[in-house]
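# Here is the input, now give the coordinates:
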Amino acid sequence: MASYFASLTSTEIQATDTSGIAILTSSQVLEITSTELSYFTSSQIPALTSKQWPLLSDSAIAGLQSDQIQYIESADIAVLLPSQVSVFSSLQIPGLQTSQLESLSSTQLGAINTTALSALSSNQIQALGTVGISGLTTLQIPTLSSDQVGQLTTAAFARLSSSQIRAIETSDVAGISTSQIAALSSGQVGQLLTIQLA
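Just a heads-up that it's a prediction; the model follows:
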C-alpha cells in the first residue's frame, strides 16, 4: 500500500493541516516513510498523537531531523517503542529536551544505542530520571565519559545497581564527585573501590 503522502511534494506535505495529521488511520501512519516524516513541520510533529507514534516504523523514526526531535511532545516520547528509541542517532539525540528525557522509562533508556548515548550533553545527562537510570545496561555505562558520569545527579547515581557501578570504566572513576560518593551505600562504595583497585 502506498503512503498517504506518496503523491505529495515536500511543500504539499508541509501544507497538510495539523488536524488532518491527527486523524491519519493506523494503516496510513504505518506507511509513512522516513523521507516523508523528515518533511513534517514544527507544528505537524506534535500533531501526531500518542496512539500514532508507536505505529511509525523504526526507519521512519530514523529519518527525523535533529531539529524536529524537540517538537515531539513528552507524552509521545513516553510511548515510543524500545526499537524506535534504539534508532535515535548521535545526531538526533542532542535534539532531545530535558523534559523529553525525563519522560523516558528505564526500558526506553536501556534501548538507546551506545553511540547515541555518548552524544548526550551535560544538561541531558542531568535530566535522566532516577527511574530511567536503572535501565542503563552494563554495555551502555562503559561508553559514558568521565564528564558524563560526573554529571549524573546524586539521586540518579545512588540508584545505580552494583553491576552498573562495576561497569563504570576505571578511567571514568575520576569524574565521580564527592557528593555522588556521599549518596552511595556502603555496598555501592565497595563496588567503586573494586573498580579503583582493578
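# for the protein, what helix or strand is lowest in average pLDDT?
One helix or strand of the chain scores below all others by mean pLDDT, DSSP states H and E: helix 186-197, with a mean of 80.
# where does it sit relative to the chain's centre, distance-wise?
Centre-to-centre, helix 186-197 and its host chain are 29 Å apart (Cα atoms, centre = their mean, to the nearest Å).
# So which residues make contact with it?
Applying Cβ atoms under 8 Å, 6 or more residues apart in numbering, the contact partners of helix 186-197 are 158, 160, 162, 165, 166, 168, 170, 173, 176, 181, 184. For the C-beta atoms, the positions are set from N, CA and C on the backbone; glycine is no exception.
# for that helix, which positions count as buried?
The neighbour-count check on helix 186-197 (16 or more other Cβ atoms under 10 Å) flags 188, 191, 192, 195 as buried.
# what does stretch 97-117 give?
97, 100-101, 103-106, 108-113, 116-117.
# and what of stretch 4-16?
Here stretch 4-16 shows 4, 5, 13, 16 as buried, counting by 16+ other Cβ under 10 Å.
# dump the residue contacts of the spatially closest residue to the last one that is not a sequence neighbour.
Spatial nearest neighbour of residue 16, excluding adjacent residues (Cβ to Cβ, 6 or more residues apart in numbering): residue 44 at 6.8 Å. Each residue near residue 44 by Cβ under 8 Å, 6+ apart is listed here: 14, 16, 18, 21.
# what's the closest of these to residue 37?
Distance to residue 37, by Cβ to Cβ, is smallest for residue 21 among these, at 10.9 Å.
# what's the helix or strand for the closest one?
For residue 21, the host element (DSSP states H and E) is helix 18-22.
# now what about that helix, what contacts it?
40, 43, 44, 47, 48, 49, 52.
# Check these and tell me the two furthest apart.
Most distant of the contacts of helix 18-22, by Cβ to Cβ, are 43 and 52, 15.2 Å apart.
# Counting neighbours, go ahead and name the busier of the two.
Between residue 43 and residue 52, counting by other Cβ atoms under 10 Å, residue 52 is the more crowded of the two (21 against 12).
# Roughly how far does that one sit from residue 90?
26 Å (Cβ to Cβ, to the nearest Å).
# again, but for residue 149
Residue 149 is 18 Å from residue 90, by Cβ to Cβ.
# higher neighbour count, the two?
More neighbours surround residue 149 than the other of residue 149 and residue 90, with 21 against 15 (other Cβ under 10 Å).
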